[in-house]
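Q: Using only what follows, build the 3D model:
(one chain, ligands or ions: 1)
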Amino acid sequence: MQAGHPAERYGRVYVLRIGHRPERDKRITTHVGLVARAFGANGFILGDVCDSHVMESLRGVLERWGGVMHLECGVPSRRYVMEWRRQGGEVIHLTMYGLHVDDVIGEIRSSPKPKLVIVGAEKVPPFFYEAADYNVAIGNQPHSEVAALAIFLDRLYEGRELRIEFPNAKLRIIPSPRSKKVVSLDSEGIEG
Ligand code: SAM
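A: Take a look at the predicted model:
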């Protein structure tokens, strides 16, 4: 596990994206994967289908901006969930119908079990509500899988994920009040 990563403190977190429709969800599913990486998840799984556009975009970001994230696609989502549970992990399904995040995040954070966070697309089959250890609402209004995942991870990691420095990055941003400052790094993370 990469040093300084929130998973060191909070345990392993994978994100399972279900219901992806390649003809219309490429951009939003890519954004789910980007949030998973940037906000500290250790894995991104695209369930039931493979979409090379999504997976190549994520690989490209990992290559340039660093980080180590397990990537997989086309795995049967239901079987993946059952196997995750069988191996002792817990399952958190993000849905507007669930319990308010503030009422359950303390309990979720205190469990050392690896966490599988499920985000849906249009309609989520009942199986996922029933198989989940927690159905968690980021407020009980409909919004977006990208927003829901970002806020869930931020609450889980108590804001620490926004300070992650990814190893093996080729590029790093130098925060600047007014201009774009990006430096290139060599394989040892030293400015080139
Ligand atoms: N009817 C869907 C539902 O069950 O939440 C809303 C579909 S929404 C376009 C796609 C995904 O965004 C959902 O499957 C869920 O993972 C996430 N989502 C949307 N609003 C949410 C909320 N308020 N809390 C948690 N997750 C939400």
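
Q: Closest residue of this structure to the ligand?
A: residue 120 (2.5 Å; C-beta to the nearest ligand atom). For glycine as for every other residue, the C-beta is placed from the backbone atoms N, C-alpha and C.

Q: Dihedrals phi and psi, that residue?
A: Backbone geometry at residue 120, expressed as degrees, to the nearest 10, gives phi -100, psi -170.

Q: Pull the number of nearby residues for residue 128.
A: 20 (other C-beta atoms under 10 Å).

Q: Does the closest residue to residue 39 other than its chain neighbours lie in a helix or a strand, and which?
A: Once flanking residues are discounted, residue 39 sits nearest to residue 153: 4.0 Å by C-beta to C-beta, 6 or more residues apart in numbering. Here residue 153 sits within helix 145-156, counting by DSSP states H and E.

Q: quick one: average confidence on that helix?
A: What helix 145-156 shows for mean pLDDT is 98.

Q: Only C-alpha atoms, please: export it in PDB.
A: Output of helix 145-156 as PDB, limited to C-alpha atoms (Å, rounded to 0.1, in the frame of the first residue of the first chain):
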ATOM      1  CA  GLU A 145     -23.100   9.000  -8.500                       C
ATOM      2  CA  VAL A 146     -20.100  11.300  -8.800                       C
ATOM      3  CA  ALA A 147     -21.200  13.600  -6.100                       C
ATOM      4  CA  ALA A 148     -22.400  10.800  -3.900                       C
ATOM      5  CA  LEU A 149     -19.100   8.900  -4.100                       C
ATOM      6  CA  ALA A 150     -17.000  12.100  -3.600                       C
ATOM      7  CA  ILE A 151     -18.900  13.000  -0.400                       C
ATOM      8  CA  PHE A 152     -19.000   9.500   0.900                       C
ATOM      9  CA  LEU A 153     -15.200   9.100   0.600                       C
ATOM     10  CA  ASP A 154     -14.600  12.600   2.000                       C
ATOM     11  CA  ARG A 155     -16.700  11.800   5.100                       C
ATOM     12  CA  LEU A 156     -15.100   8.300   5.400                       C
END
